[in-house]
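**Q** predicted structure and sequence below. I'll ask about it afterward.
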Amino acid sequence: MQWLELTIQTHPEAVESVSELLSTYSRDGVVIEEPYELSDDGQEYRILQGQPVIVHAYLPLDGTQEQKKQEIAQGLWHFSSIGAHFVGELQTRIVDEEDWANAWKDYYHVTHIGQRLVIRPSWREYTPKNDEVVLTLDPGMAFGTGVHPTTRMCLERVEQLVQPGMKLLDVGTGSGILALAAAKLGATHIEAIDNSSVAVESSKANAEMNGLQEQIHVVLGVLDEETAVRTAGQYDLVLANIIAHIIGSIAPQLAQVVAPDGLLVVSGIIEARRPDAEGPLLAAGLELVEEMKIDDWLALTYRKRA
């Protein structure tokens, strides 16, 4: 089988919008190629902040690809026409199945985050040093690998906040990277939820790869009112690395499931969209206790008053 590869170079602040557009048409998500420089013989890397980002998506050559390509091009034109962020020209090429299945692996390298966390893609070798905590990850296409600032900040907060024996909820788990880190750091019971079946399969596979399937329970679904009522006040720490308006829309449910005096960490928030998330969270009775920022991305930590 062959695939149509779509490639767009864009300003970092437009990555979220471009990725969301492409994900509507690409059943396996997108690949975000951030600019980086390699070190340690190519095994580690450093992201070049503020430089253009390349986003890839793949469409099967099933007779619908040209129509989808035109609709995507029209959507990209709307982004560029409003002038808020730079969005480059849509580039395409045809790739074979084998190339498609492995192309995204070139973009991921060993990543150091915080004081101890190390993200190791499953196809790369790494020997841990001292007390490093190594997460082995096979992200599949488009899910969290620790590269994006929002995931990086969430991982740093997980490292700082997780205590042995904690009960934790990861909303929008993606690859399961945050759940993996929490389990490696001592959380004993972790619920991970995502509305994407691809994400659920990826996170389950990653939990098994790390021998954490007994601590991490992954389910397909959303944090709706019924789920929030059933699990009210159960979680010492809740994580939601999504996007601002989604966080705002489920703010009451997020607040409900946090245990008294427990914490909620939300990310995926571009600074200009902060009110979309923060207003509803404060209205739900949560108190802001910490914030982190990388470029224009935010990670906010809230406490539920006892």
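**A** Received the coordinates, thanks. Computed from a prediction, not measured in an experiment: that's the story for all the values here.
**Q** who does the residue nearest to P149 when sequence neighbours are not counted form a beta bridge with?
**A** Nearest non-adjacent residue to P149, counting by C-beta to C-beta, 6 or more residues apart in numbering: I294, 3.7 Å away. Just so you know, the C-beta spots here come from the backbone N, C-alpha and C atoms, and that holds for glycine as well. I294 has these beta-bridge partners by DSSP bridges: W297.
**Q** okay, now I294: neighbour count?
**A** 16 (other C-beta atoms under 10 Å).
**Q** quick one, phi psi at the residue of the chain positioned farthest from its centre?
**A** Distance from the C-alpha centroid of the chain peaks at G63, with 31.2 Å (C-alpha atoms, centre = their mean). Here is the backbone geometry of G63 (degrees, to the nearest 10): phi 100, psi -10.
**Q** strands along the stretch 51-200 of the chain, start to end?
**A** Taking DSSP state E, counting those that start in this stretch, the strands of the stretch 51-200 of the chain run over residues 53-60, 91-96, 111-113, 117-121, 133-137, 167-171, 189-194.
**Q** wait, which of those strands is closest to P280?
**A** Among the strands of the stretch 51-200 of the chain, the nearest to P280 by C-beta to C-beta is strand 167-171 (14.5 Å).
**Q** next, the buried residues of the closest one.
**A** 167-171 (16 or more other C-beta atoms under 10 Å).
**Q** export these as JSON lines, with columns for distance to R116 and pLDDT.
**A** Formatted as JSON lines, the buried residues of strand 167-171 follow (distance: C-beta to C-beta, whole Å; pLDDT from 0 to 100):
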{"residue": "K167", "distance to R116": "22", "pLDDT": "97"}
{"residue": "L168", "distance to R116": "18", "pLDDT": "98"}
{"residue": "L169", "distance to R116": "23", "pLDDT": "98"}
{"residue": "D170", "distance to R116": "19", "pLDDT": "98"}
{"residue": "V171", "distance to R116": "24", "pLDDT": "97"}
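**Q** tell me the spacing between the residue nearest to P12 when sequence neighbours are not counted and H148.
**A** Nearest residue to P12, sequence neighbours excluded (C-beta to C-beta, 6+ apart): V53, at 5.4 Å. Look at V53 and H148: by C-beta to C-beta, to the nearest Å, they are 10 Å apart.
**Q** wait, what's in contact with K167?
**A** Neighbouring residues of K167 by C-beta atoms under 8 Å, 6 or more residues apart in numbering: 187-190, 234-237, 259.
**Q** for V258, see how far away the residue nearest to it when sequence neighbours are not counted is.
**A** Once flanking residues are discounted, K167 sits nearest to H189: 4.7 Å by C-beta to C-beta, 6+ apart. Look at H189 and V258: by C-beta to C-beta, they are 15 Å apart.
**Q** look at the two and report which has more neighbours.
**A** Higher neighbour count among H189 and V258: V258, with 24 against 17, using other C-beta under 10 Å.
**Q** show me what contacts the more buried one?
**A** With contacts defined as C-beta under 8 Å, 6+ apart, V258 is in contact with 233, 235, 238, 264, 286, 304.
**Q** got a list of what I242 touches?
**A** 171-172, 266, 268.
**Q** who touches both of V53 and H148?
**A** Joint contacts of V53 and H148 (C-beta under 8 Å, 6+ apart) are 32, 34.
**Q** low-confidence stretches in this structure?
**A** 27-29, 35-48, 81-85, 97-104, 106-107, 139-147 (pLDDT under 70).
**Q** now the helices for it?
**A** Counting by DSSP state H, one finds helices in the chain at the ranges 15-25, 65-81, 97-103, 149-161, 177-184, 197-209, 225-230, 244-249, 251-257, 274-283.
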